[in-house]
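K.L.:
How does the following fold in three dimensions:
(one chain, ligands or ions: 3)
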Amino acid sequence: MTSAVPLRATTARPAMRSATLADDAAAALVAVRERAPLVQCLTNEVTTNLVANALLAIGASPAMAAVPGEAEQLAAVAGGLLVNLGTPGPDQRACVEPTVTTALRAGVPWVLDPVAVGVLSVRTRLAEDLLAARPAVVRGNASEVRALAGLRSSGRGVDALDTVDAAYAAAVRVSRATGGAVAVSGPTDLVVAGDVAVRVEAGDPLLTSVTGAGCALGGLVAAFAAVTDPITAAVGASLALGIAAERARALARGPASFQVALLDELHLLRGEDLEAAGERLTVDSVAARPAGEAVEGAPAGGSTGRHVPGARS
Ligand SMILES: Nc1ncnc2c1ncn2[C@@H]1O[C@H](COP(=O)(O)OP(=O)(O)OP(=O)(O)O)[C@@H](O)[C@H]1O
Ligand SMILES: Cc1ncsc1CCO
Ligand SMILES: [Mg+2]
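P.N.:
Ligands and ions are numbered 1, 2, ... in the order given. Got it, this is the predicted structure:
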């Protein structure tokens, strides 16, 4: 992976307030609706359709061009790029490095969704290489983020068995390595960027009964990243999907009707809905974490021996 590209500045903002962050997320949603950013997706074969539909519902313009020779053409003109490693077949493996390099050179923010990293070896090595290209946002579940940080993880296939709290130190470590944001999904989402940690209270357990809710979240993060900074993008996308899910739940009989309603609710979501969500956000400083929640210390589960490029240890 080339590193002869401009590096992204750190995203942390001092003294961030939850109300301000909610306002910024709302403004970003309005901007997505106004600008309809093109989001180039190198995504997986299982959830492509849901990712594309979620992007359309939020107001973005998705395109899934994963053909070698074409993928980088689209990345050069996109507003954002999603790289989701759910089914990393030969075409995607051939595409990914030139596509990410093109995006970086063009100043296009890119999002890494490290599906099943830590469980499966090919994608784990690929993700480790990709971290050196400094994704604006890494969006994964707790087990995936732990694995990316080189910590022992207990994912089962594409699902997390680790808690979001157990991925806190890992998120900090990966954020410091990339200079971008790291978003950990679960019952409460966690977004870390630099020295800022944000918890987002939104969502519904039915999201885990629809394949690709996390993948869709990765796509939404890429759409938001096209119009705002990485931490606002991660928080805004998390709020948008979570609030839409809560509303969809009220209309659903099960996962199938929930998925349909979820797309409707994403489509209906307005800036005011995110503006009113300040109370769902808890912002604190990484440095201010209580003792016992070590950020740099050895993980409870030990290390896999893998290394995050640039990570402090
Ligand atoms: N128990 C829960 N309650 C409420 N929301 C949840 C719960 N678990 C996950 N979510 C939400 O579901 C969405 C997907 O998160 P999840 O952690 O399941 O992603 P994932 O494992 O990457 O999913 P996938 O790989 O299937 O796409 C996020 O918006 C998250 O906030
Ligand atoms: C089930 C599944 N398998 C590979 S990708 C994917 C979608 C959820 O990440
Ligand atoms: Mg996932």
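K.L.:
what does the stretch 1-150 of the chain put close to ligand 1?
P.N.:
Residues of the stretch 1-150 of the chain lying close to ligand 1 by Cβ under 6 Å from any ligand atom are 115, 141. Glycine gets a C-beta too; all of them are placed from N, C-alpha and C.
K.L.:
Next: the stretch 151-300 of the chain.
P.N.:
Within the stretch 151-300 of the chain, the positions near ligand 1 by Cβ under 6 Å from any ligand atom are 158-160, 185-187, 189, 203-205, 207-208, 211-215, 217, 241-242.
K.L.:
Of those, keep whichever come out buried.
P.N.:
Among these, those classed as buried by 16 or more other Cβ atoms under 10 Å are 158, 160, 185-186, 189, 203-204, 207-208, 211-215, 217, 241-242.
K.L.:
so which of those are also by ligand 3?
P.N.:
The subset of these within reach of ligand 3, by Cβ under 5 Å from the ion, is Gly214.
K.L.:
just checking, which of the buried ones among the residues of the stretch 151-300 of the chain next to ligand 1 belong to helices?
P.N.:
213-215, 217, 241-242 (DSSP state H).
K.L.:
for the stretch 51-200 of the chain, what spans make up the helices?
P.N.:
Counting by DSSP state H, counting those that start in this stretch, the stretch 51-200 of the chain has these helices, from start to end: 71-77, 90-106, 121-131, 142-148, 168-178.
K.L.:
How about Leu274: what's its closest non-neighbour residue?
P.N.:
Ala26 (4.0 Å; Cβ to Cβ, 6 or more residues apart in numbering).
K.L.:
What average pLDDT does whatever helix or strand that neighbour lives in get?
P.N.:
Assigned by DSSP states H and E, Ala26 belongs to helix 18-35. Mean pLDDT, helix 18-35: 97.
K.L.:
can you list contacts of whatever helix or strand comes next after that helix?
P.N.:
Note on helix 18-35: by DSSP H and E, the next helix or strand toward the C-terminus is strand 38-42. With Cβ atoms under 8 Å, 6 or more residues apart in numbering as the contact definition, strand 38-42 has outside contacts at 48, 51-52, 55, 60-66, 71, 74-75, 77-84, 92, 95-96, 99, 103, 108, 219, 222-223, 226.
K.L.:
ok, now with 6 Å
P.N.:
Strand 38-42 is contacted by residues 51, 55, 60-64, 66, 74-75, 78-83, 92, 95, 222-223 when judged by Cβ atoms under 6 Å, 6 or more residues apart in numbering.
K.L.:
Kindly report the same for stretch 114-134.
P.N.:
Outside stretch 114-134, the residues touching it (Cβ under 6 Å, 6+ apart) are 1, 8, 85-86, 88, 100, 112, 140, 143-144, 147-148, 153, 155, 158, 178-179, 309.
K.L.:
Check stretch 70-83 too.
P.N.:
Stretch 70-83 is contacted by residues 37-42, 63, 65, 95-96, 98-99, 102-103, 106, 108-112, 218-219, 222, 225-226 when judged by Cβ under 6 Å, 6+ apart.
K.L.:
That stretch close to ligand 2?
P.N.:
No: Stretch 70-83 does not reach ligand 2 (Cβ under 6 Å from any ligand atom); its nearest approach is 12.7 Å.
K.L.:
Make 8 the first number, not 1, from now on.
P.N.:
Okay, residue one is now 8; in that scheme the one you just asked about reads as stretch 77-90.
K.L.:
if you look at that stretch, does any of it touch ligand 3?
P.N.:
No: Stretch 77-90 does not reach ligand 3 (Cβ under 5 Å from the ion); its nearest approach is 12.0 Å.
K.L.:
Between the two ends of that stretch, how far is it?
P.N.:
Taking Cα to Cα, to the nearest Å, the first and last residues of stretch 77-90 lie 15 Å apart.
K.L.:
cool, and stretch 64-83?
P.N.:
In stretch 64-83, first residue to last residue: 24 Å (Cα to Cα).
K.L.:
now do stretch 87-105
P.N.:
Counting by Cα to Cα, you get 15 Å between the two ends of stretch 87-105.
K.L.:
Can you give me the buried ones in it?
P.N.:
Going by neighbour count (16+ other Cβ under 10 Å), the buried part of stretch 87-105 is 87-93, 95, 99, 102-105.
K.L.:
ok, and the closest non-adjacent residue to the residue in the chain that ligand 3 sits nearest to?
P.N.:
Proximity of the chain to ligand 3 (Cβ to the ion) peaks at Gly221, 3.4 Å away. By the measure of Cβ to Cβ, 6+ apart, the closest residue to Gly221 outside its immediate chain neighbours is Ser192, 5.5 Å from it.
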